[in-house]
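>>> Give me the fold of what follows.
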Amino acid sequence: MTRGRKEKERRDFYSQVISAPEAAAFLKISERTFNRLVASGIIPKDDYGEYILGEVVEAYWRNQFDSEGLKAAQTRLVTAQAELKEAELAEQRGELHRASAIAKVWTDNVLNAKTRLLAIPTKVGPLLVGQELQIIVAKLKDAINETLKELADYDGEKITRTAAILRNQ
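I've put the predicted structure just below:
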């Protein structure tokens, strides 16, 4: 094929007149999306409601990859990378914890508290035999409060250690 013939075919392809459904199919987008792009002035339409294939393709891709859109995407990427790095540093300093580590530590704490609370009757019960009601109530409250105090203690180091373990799994 000669060079002149190739250029002529390219020009013919570029200047081919197509319908909206054909243009949408060529761009692999829905007709609704295509019509939205036409309505917003991104894709040019001739006076007869037809489209020139080359113009449609150029307009579509120019819109998809315009310099402002690319700059905005690059800005979002750099911002996200900076936020991720800041979060990692805050985690290393113990100022921020992963949700999975917190969930694991608190699940363990609640299970330990449950075990200790359920052990109170066995552990304290024999000590209460023959005691007065006020002493029984006080000793039970003391045993319950001791278990709840353990549950209420915040241990950032334990969360940090757990996060490191989960990260390495």
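
>>> From the recorded domain assignment, give the ranges for the chain.
3-65, 97-168 (automatic domain parsing).

>>> Mean neighbour count, mean pLDDT and distance to Ala82 added to those, as TSV?
C-beta here means a position set from N, CA and C on the backbone, and glycine is covered the same way. Formatted as TSV, the domains of the chain follow (neighbours: other C-beta atoms under 10 Å; pLDDT from 0 to 100; distance: least, C-beta to C-beta, whole Å):
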stretch	mean neighbour count	mean pLDDT	distance to Ala82
domain 3-65	14	84	24
domain 97-168	13	87	19
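
>>> what's the closest of these to Glu91?
When the domains of the chain are compared for distance to Glu91 using C-beta to C-beta, the nearest one is domain 97-168, at 6.8 Å.

>>> ok, for Tyr14, nearest residue in space, not its chain neighbours?
The shortest distance from Tyr14 to any non-neighbouring residue, by C-beta to C-beta, 6 or more residues apart in numbering, is to Gly54 (3.2 Å).

>>> hang on, isn't the one you found packed against Val17?
No - assessed by C-beta atoms under 8 Å, Gly54 is found out of contact with Val17, at 10.4 Å.

>>> Please tell me how far Ile29 sits from Ser19.
14 Å (C-beta to C-beta, to the nearest Å).

>>> Contact partners for the residue nearest to Tyr14?
By C-beta atoms under 8 Å, 6 or more residues apart in numbering, Gly54 lies in contact with 13-16.
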